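A.B. asks: missing the sequence, but the structure's below:
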């Protein structure tokens, strides 16, 4: 089947399926108005999971709204961000941000281990996907390797934006993958209405006996002084699954190795491998636990704000093992102390506001093998942004700024990558113009990256990126958009210099210090529609790369582990994301029953090599959603197609189907202080595997998981 036929068929499928993902609510269900955009958040903020469509955006166009999710932000009509908040964050609460976002169209997860899960956007992960906290990087080592968790307290975020297109150039010179921006309240942005207000979320999940607890307290210390305190705790045991731990291919190979050992007289080794090959029910050494403590204080008045916050995050988690005759438990002990500073000045005149953000992160993690720290990774980083926001003049608005970052990365005990210092300096601008029924947008960024290893060749890169977009609103309910971006990315230190066995990933990895700048050109087209009864969005995109960098499995074993070689070549990515919802039944009290559906697909090829590694499979969702003032319920099926377009020496991934359902009770209504959510994921106990996961052959998805979540506000 050709890519064009798949894209066309998927598009038709969603429009016919606009009856099938528990997400959409019609615009008349919205409740509370979005707050003003900040420089670090291109998308509109929403509260309580609902956005008021009675108030149109700056261009006069109402946004598309879904339950807990905003598809068309009031600040970007060209490439609409996906924004989740409120009940949806609580429903999908997870310690790792990749797991939390994996249900969104175009988003998957690296799924390396339950404790290490980064978002995968449109088939891109690692350094191609920016993970941000209020516009500042996570200042961790999560992009260094797939076994490293993200140092973001996902249990305490207020909202998460998933960005694509020209907007990404505010943060990076490589917009192809996109960005994930987690918005926190640790530095207060407004004086609380009450002297003391608090929120808490508590959850329990059956698949791993997982406990998640999070709470925040906001205090109005004085008329212009506010403070914030938060804490989070998570704990999970080994994950229960619906079948064999090992894939059929790896199980067959392991049993063959066991037979060879038995024939050679090593019965003990044969028995050990046989036991591992036949393991069922739970993934050994897949436990996770973590804590977060944070506090912030801010001075706020009509002239601006000044605030500071500090966070201490800990995360410990096990790394599931490949079959081995000499198995040793491997785990990660991750720690980060982070300090954030935020100031803004209201200027008046042509320049409306000046925003300054800076953060310092002191990160370390130990790779613990057999109870002893085999290696310690250290990352001390500073990142800062200065942004000038223009006052809106007619239909013209914009923002421009500078960005600086410094990263000092080192490893003790494992000569995997040479210690290095990386610096980044950038200038950027984004301009938007509304003229009649058209919205125009342009972004540009220049970035200089310098990498100085303790041993090896110094590298320096000058990156130039730009993007432009057009949105046409022939009717108030319709938006047609087209955007184009050119991006450039400097190779990461890991891609340049890595060379050796990595204990935690259980692999041998080799980079290439001669790699050149990776360049991408993306064309994206979109259609968004909303009416009283129907809402939908369709996006198709194509990205062509020069000098695309990818780690590909070589099919060989070095020191008993699989070998991966970083290569560079041209590549092509094509994809589609679509979702639709039809409000089939409505009642006078505002209750409604919606039929909802979604589809996403990525087709990726490296020229003269073949399929790109770890690309998500075609995914189709369909379901029913009922929403009332005090009660909500949904049921959905998610079909993950077989992925047999895999890289050489990767194993195909079989299709699997998930059945998910949830019930929400709000005793005080949508504006009330409490919500109780009972949800079930993978109710059919499918034993599926993610094609985006490097460990998919021995880390399947979680089995049946019944979760109860309580959310309180006082």
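C.D. replies: Received the coordinates, thanks. Keep in mind that what you see is a predicted model, and the values were worked out from it rather than measured. Residues are numbered from 1 along each chain as shown.
A.B. asks: and the most centrally placed residue in the chain, bridged to which residues?
C.D. replies: Against the mean C-alpha coordinate of the chain, by Cα atoms, centre = their mean, the closest residue is residue 119 at 3.4 Å. Using DSSP bridges, the bridge partners assigned to residue 119 are residue 109.
A.B. asks: residues touching it, list them.
C.D. replies: 97-98, 101-102, 107-110, 125, 129, 131, 162, 180 (Cβ atoms under 8 Å, 6 or more residues apart in numbering). The C-beta positions use only the backbone N, C-alpha and C, and glycine is treated the same way.
A.B. asks: could you rerun that using 10 Å?
C.D. replies: Counting by Cβ atoms under 10 Å, 6 or more residues apart in numbering, residue 119 touches 96-102, 104, 106-110, 125, 129, 131, 150, 160, 162, 177-180.
A.B. asks: now, those that are in helices?
C.D. replies: When the contacts of residue 119 are checked against helices (DSSP state H), the matches are 97, 98, 99, 100, 101.
A.B. asks: from residue 608, how far out is residue 109?
C.D. replies: Look at residue 109 and residue 608: by Cβ to Cβ, to the nearest Å, they are 29 Å apart.
A.B. asks: between those two, which is the more surrounded one?
C.D. replies: Remark: of residue 109 and residue 608, residue 109 carries more neighbours, 25 against 7, as counted by other Cβ atoms under 10 Å.
A.B. asks: how about the contacts made by the more buried one?
C.D. replies: Contacts of residue 109 (Cβ under 10 Å, 6+ apart): 94, 96-103, 116-120, 125, 616, 690, 692-693, 701.
A.B. asks: quick check: which ranges of the protein have low pLDDT?
C.D. replies: 1-77 (pLDDT under 70).
A.B. asks: one more pass at 50, please.
C.D. replies: Low-confidence segments of the chain, defined by pLDDT under 50: 1-69, 71-75.
A.B. asks: which SS state does the residue of the chain most remote from its centre fall under?
C.D. replies: Here the chain reaches farthest from its C-alpha mean at residue 265, the gap being 49.0 Å by Cα atoms, centre = their mean. Under DSSP: H, G, I helix; E, B strand; the rest coil, residue 265 falls in the coil class.
A.B. asks: swap in residue 250?
C.D. replies: The three-state label given to residue 250 by three-state DSSP is helix.
A.B. asks: identify the residue spatially nearest to it, adjacent ones excluded.
C.D. replies: residue 697 (4.2 Å; Cβ to Cβ, 6 or more residues apart in numbering).
A.B. asks: elements contacting the strand or helix carrying residue 548?
C.D. replies: Assessed by DSSP states H and E, residue 548 sits inside strand 534-558. For strand 534-558, the packing partners by 3 or more Cβ pairs under 10 Å, 6 or more residues apart in numbering; DSSP states H and E come out as helix 3-16, strand 65-66, strand 478-489, helix 493-497, strand 507-510, strand 518-530, strand 561-586, strand 592-606.
A.B. asks: winner for burial among those?
C.D. replies: strand 65-66 (a mean of 28; mean count of other Cβ atoms under 10 Å).
A.B. asks: OK, contacts around residue 710?
C.D. replies: Residue 710 sits next to 90, 200, 201, 202, 203, 204, 674, 675, 676, 677 when contact means Cβ under 10 Å, 6+ apart.
A.B. asks: sheet-wise, list the partners of the helix or strand encompassing residue 635 with their directions.
C.D. replies: Assigned by DSSP H and E, residue 635 belongs to strand 631-640. In the sheet, strand 631-640 lines up against strand 619-627 (antiparallel), strand 656-665 (antiparallel) (DSSP bridges).
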